[in-house]
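Enquirer: Please work out how this folds:
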Amino acid sequence: MNSPVVIIEQRLRTRGLALLLCLILVLFLVVSITLIGTSKSGSLPVTLYVVETVVPIGLVVGILMFLRIVVRVVETPKGRALEVLYGHRGFVRQVFGPDRLVAANARSYSFMQMGGWGYRGSVRLLRQAALATRRGDALELQLKGKRRFIVTVDGPADFVAALGLPFAA
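Expert: Sure, this is the predicted structure:
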């Protein structure tokens, strides 16, 4: 199997996001321990025990997924595509192939426009999504079906040029 040739690649700065998730995990654990310690009966409902195990596991998985995010343009047999790799060795990946790409643009976004840090929205359900690790320069992709994906990167114009797409209006 031929692996795709990487045209341009950038690892996103995600320390702040991972630090925020770690802080939420610590706060959740402190509140949980406090609830358990102040319980009058000494026993808690089974639902609380489930929450006590599921939420920390979800937060740890979220931290591990956001420790490493790589955005790259690759040359595939069908043409150039944008890949977003999450976690170690791209455990989860989004691929926007040439069959889905319509246009691209380099824009600057504020946190208010992006909806905050993290992954916001859903390309499938809400028709738009954003991966924001900071405010500022971002690559905006116009996809087929009037869908949109935005990702913050340094030098988004280089990604637009590497994709070889027309500029979005």
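Enquirer: which one is V55 nearest to, not counting chain neighbours?
Expert: Counting by Cβ to Cβ, 6 or more residues apart in numbering, F28 is the residue found nearest to V55 once chain neighbours are left out, at 6.0 Å. In short, each C-beta sits where N, CA and C put it, glycine included.
Enquirer: and if you look at A130?
Expert: In this structure, A130 finds its nearest non-sequential neighbour in I150, 4.2 Å apart by Cβ to Cβ, 6+ apart.
Enquirer: Provide the partner residues of the one you found in its beta bridges.
Expert: When assigned by DSSP bridges, I150 has beta-bridge partners A130, E140.
Enquirer: Show me where this structure dips below the pLDDT cut-off.
Expert: Within the chain, the segments meeting pLDDT under 70 span 1-2, 13-18, 36-37, 39-44, 46, 166-169.
Enquirer: quick one: the strands in it?
Expert: 5-11, 69-76, 79-86, 92-96, 101-109, 118-122, 128-132, 136-143, 147-152 (DSSP state E).
Enquirer: out of these, nearest to L19?
Expert: L19 lies closest, by Cβ to Cβ, to one member of the strands of the chain: strand 118-122, at 12.7 Å.
Enquirer: Give me the packing partners of that closest one, helices and strands only.
Expert: Packing partners of strand 118-122 (3 or more Cβ pairs under 8 Å, 6 or more residues apart in numbering; DSSP states H and E): strand 128-132.
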